[in-house]
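J.: Please work out how this folds:
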Amino acid sequence: MTMQQGTFGWNELMTTDVAKSKAFFTKLIGWTTSDMPMPGGQGTYTLMHSAGKPVAGMMAMAGEQWKGVPAHWMAYIAVDDVDAPAGKVPELVGKVCLPPTDIPGVGRFCVISDPSGATVSLMTFKM
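T.: Numbering: from 1, shown residues only. Sure thing, here's the model as predicted:
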């Protein structure tokens, strides 16, 4: 999946109840879903499809790192090299919430917040 620098490349639902979210969006929008194991035995990742094409992903918020975090959608902005803009975030008075991290077979991403606190992910896609 080649993405143009600065475009939104993916959307992902982080949810506390995958089954309820699947049922909601399949009935509301007509998406179909398919499940696959995440690398390292970290659970199941659900792809949501429209007209047979993947349009979004979904995963369970399981573990202590998610304690107190409400279910939410995360948008991913495509960048050519995630490390470069992540390095600029502090000087622009933003916050790096999760430093650049590899997702095997998918790419490298980070989670940032702008000075207002709005959160988004940056991603260098491999696919």
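J.: show me the contacts for Trp31.
T.: Neighbouring residues of Trp31 by Cβ atoms under 8 Å, 6 or more residues apart in numbering: Phe25, Met48, His49, Ser50, Val55, Ala56. C-beta here means a position set from N, CA and C on the backbone, and glycine is covered the same way.
J.: what stretches of this protein score poorly on pLDDT?
T.: Within the chain, the stretches with pLDDT under 70 are 1-2, 127.
J.: quick one: the most far-flung residue of it relative to its centre and Pro115, what's the gap?
T.: Farthest-out residue of the chain from its mean C-alpha position, per Cα atoms, centre = their mean: Glu91, at 24.2 Å. Distance, Glu91 to Pro115, using Cβ to Cβ, to the nearest Å: 11 Å.
J.: Run through who's touching the longest helix along the chain.
T.: Of all segments of type helix in the chain, defined using DSSP state H, the longest is helix 18-29. Helix 18-29 is contacted from outside by 13, 15, 31-33, 44, 46, 48, 50, 58-60, 71, using Cβ under 8 Å, 6+ apart.
J.: and the following helix or strand past that helix, what other elements does it pack with?
T.: Going down the chain from helix 18-29, the next helix or strand is strand 32-37, by DSSP states H and E. With contacts taken as 3 or more Cβ pairs under 8 Å, 6 or more residues apart in numbering; DSSP states H and E, strand 32-37 sits against helix 18-29, strand 44-50.
J.: For Thr119, which of those is the nearest?
T.: Among those, the nearest to Thr119 by Cβ to Cβ is helix 18-29 (19.3 Å).
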